[in-house]
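Asker: next come a sequence and a model predicted from it.
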Amino acid sequence: MDVFRVEGKGPLEGEIQVGGSKNAALPILAACLLTKEKVTLRNVPNLSDIRFMVEILKYLGAQVENPETGTWTITSSDISHVAPYDLVRKMRASVCLIGPLVGRLRRAEVSIPGGCVIGPRPIDLHLKGLGKLNCKVEISNGYIDIDASEIRGSHIFLGGRSGSTVTGTANLLMAAVLAPGITRIESAACEPEIVDLCKMLTRMGAHIENIGSPELIITGVDQLHGCEHSVIPDRIEAGTFIAAAAITRGHVKIKGIPHTFLGAFLDKVQEAELPLEIAEDSITVLPYKGSLKPVDIITLPYPGFPTDLQAQMCALMSKTEGISIITERIYPNRFMHIPELQRMGADIAIEGASAIIKGPCNFSGAPVMASDLRASAALILAGFAAKGTTWVQRIYHLDRGYESFEQKLSSIGAHIERLPEKELPKDLIE
Ligand code: EPU
């Protein structure tokens, strides 16, 4: 296993390009199973989660090629309906195979993904929606077994306790595009990643109305065809770069991101008085004097503040003078980064689903453990603002969702180096 050595050495400066979105690419790869014809995908990020999904598609029988970095062609002429535990357990997002298998084969047997460190990740809403589409759903031996031989369009209210579900919406969309009749999904997720999936499905011949709204109307078609599609930029990667620039008081132009993807996040960093220059396709973080202002944030489904930028914001607000309150409404336990930030000097108390952050702290480098993807990013950002060396362990979490993270950040002056675990200082080796 590798580790990161991070040094806090002043402002980041320069230009950085945002890559393709992981959370858009994963359901889009699964959607390739909906047609026998070839689908060409571009701007797919090179990440371990993408490789896991490709592995599953191959197992199911798809012919997959990767002619150049970022481009994949997938031809699913003859596929099977069983996704086994061995493959599914590696990545929770493999649950989004259910929709395309049900749509195309009228049958799916997908292992239930295991637990997740950020809290419970139920799939009851996915199953409720499939039931509404007249599918027979059974759970046995750790598998979800779906008989969709009599699938038909229906009205589904998909909202849950925390609002809409992203992967649930993706699954039901992919099942409904090939289901006879009209399906109306109410309280559908409106995330840009769902809009991108709808656009790709439309290119394949699907009929979807009200794309981007919480009420999607799908008219089933008999079959879909191949298409070419370019995946949208990753708004969470862009937000992470903005936070990295801000925490180092840097001057960084983040290129290739429409600002509309980051509305609530930009609103909050502007409320904190971070100076920004916002153009059509780029966001520039400008240097500032003094301290940013504290903010009060609640994570919510899009267009609310994204849970996937909560940890990075905790790191930034730790360096900000005053008291910030960050409330996590999507995954109330998603605070695993906080004890590690505390070890680096942050003053944070957790009260229920809220983190109360008293700043500014003086971060000092420490050995820390990454617990999940976004927590890893938060610890690295704290390391950029810390005095001394931070060793971040378990960085395989980061590799799931950030493409060439250390190369991109090094190119704007960050001191971050990937090293084999044996390079850890002796007293840190177990
Ligand atoms: N929920 C239910 N029942 C369900 C499904 C979801 O109660 O059947 C609840 C969840 O427990 C949660 C909320 O609904 O409280 C939202 O969950 P959602 O289904 O929207 O999450 P997801 O689709 O499993 C995606 C991203 C996550 C991101 C969330 C929220 C992918 C592959 N994953 O997960 O990304 O945090 O939406 O925006 O798209 C990450 O990239 O680090 C990551 C965790």
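Answerer: Sure thing, it's come through.
Asker: next secondary structure after the helix or strand of the chain with the lowest mean pLDDT?
Answerer: Every helix and strand in the chain was compared by mean pLDDT, DSSP states H and E; the lowest is helix 85-88, with a mean of 88. Downstream of helix 85-88, the next assigned helix or strand under DSSP states H and E is helix 98-105.
Asker: could you say what helices and strands that following helix packs with?
Answerer: helix 22-31, strand 107-111, helix 124-132, strand 143-147, helix 166-176 (3 or more Cβ pairs under 8 Å, 6 or more residues apart in numbering; DSSP states H and E). To be clear about C-beta, it is placed using only N, CA and C from the backbone, and glycine gets the same treatment.
Asker: and these as TSV, adding distance to Thr40?
Answerer: As requested, those are arranged in TSV below (distance: least, Cβ to Cβ, whole Å):
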stretch	distance to Thr40
helix 22-31	12
strand 107-111	25
helix 124-132	28
strand 143-147	29
helix 166-176	19
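Asker: any chance of those in TSV, plus mean neighbour count, mean pLDDT and distance to the ligand?
Answerer: Formatted as TSV, the helices and strands packed on helix 98-105 follow (neighbours: other Cβ atoms under 10 Å; pLDDT from 0 to 100; distance: least, Cβ to the nearest ligand atom, whole Å):
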stretch	mean neighbour count	mean pLDDT	distance to the ligand
helix 22-31	27	98	3
strand 107-111	21	95	14
helix 124-132	20	97	3
strand 143-147	19	95	12
helix 166-176	29	98	3
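Asker: endpoints of stretch 157-164, how far apart?
Answerer: 10 Å (Cα to Cα, to the nearest Å).
Asker: please disregard the earlier target; I meant stretch 293-305.
Answerer: 17 Å.
Asker: also stretch 105-113?
Answerer: First residue to last in stretch 105-113 (Cα to Cα) measures 21 Å.
Asker: which residues does it contact?
Answerer: Outside stretch 105-113, the residues that touch it by Cβ atoms under 8 Å, 6 or more residues apart in numbering are 79, 81-85, 87-89, 91-92, 94-95, 97-98, 101-102, 121, 123, 139, 142-149, 151.
Asker: switch to 7 Å and redo it
Answerer: Here stretch 105-113 makes contact (Cβ atoms under 7 Å, 6 or more residues apart in numbering) with 81-85, 88-89, 92, 94-95, 97-98, 101-102, 142-149, 151.
Asker: for stretch 410-420, same thing?
Answerer: With Cβ under 7 Å, 6+ apart, stretch 410-420 has contacts from 2-7, 9, 12-14, 16, 252, 380, 384, 406, 409.
Asker: closest one of those to Pro294?
Answerer: Relative to Pro294, the closest of these is Phe384; by Cβ to Cβ it sits at 20.1 Å.
Asker: and the contacts of stretch 410-420, which of them are buried?
Answerer: The neighbour-count test (16 or more other Cβ atoms under 10 Å) marks 2-7, 12, 16, 252, 380, 384, 406, 409 as buried among those.
Asker: so which of the contacts of stretch 410-420 belong to strands?
Answerer: Taking DSSP state E, the ones among the contacts of stretch 410-420 that sit in strands are 2-7, 13-14, 16, 252.
Asker: residues of the stretch 251-400 of the chain that sit close to the ligand?
Answerer: Neighbours of the ligand within the stretch 251-400 of the chain, by Cβ under 6 Å from any ligand atom: 306-308, 330-331, 373-374.
Asker: could you dump these into a markdown table and include secondary structure, distance to Ala315 and pLDDT?
Answerer: Output for these, formatted as a markdown table (DSSP: H, G, I helix; E, B strand; the rest coil; distance: Cβ to Cβ, whole Å; pLDDT from 0 to 100):
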| residue | secondary structure | distance to Ala315 | pLDDT |
| --- | --- | --- | --- |
| Pro306 | coil | 15 | 98 |
| Thr307 | helix | 15 | 98 |
| Asp308 | helix | 14 | 98 |
| Ile330 | coil | 19 | 95 |
| Tyr331 | coil | 17 | 93 |
| Leu373 | helix | 14 | 94 |
| Arg374 | helix | 10 | 96 |
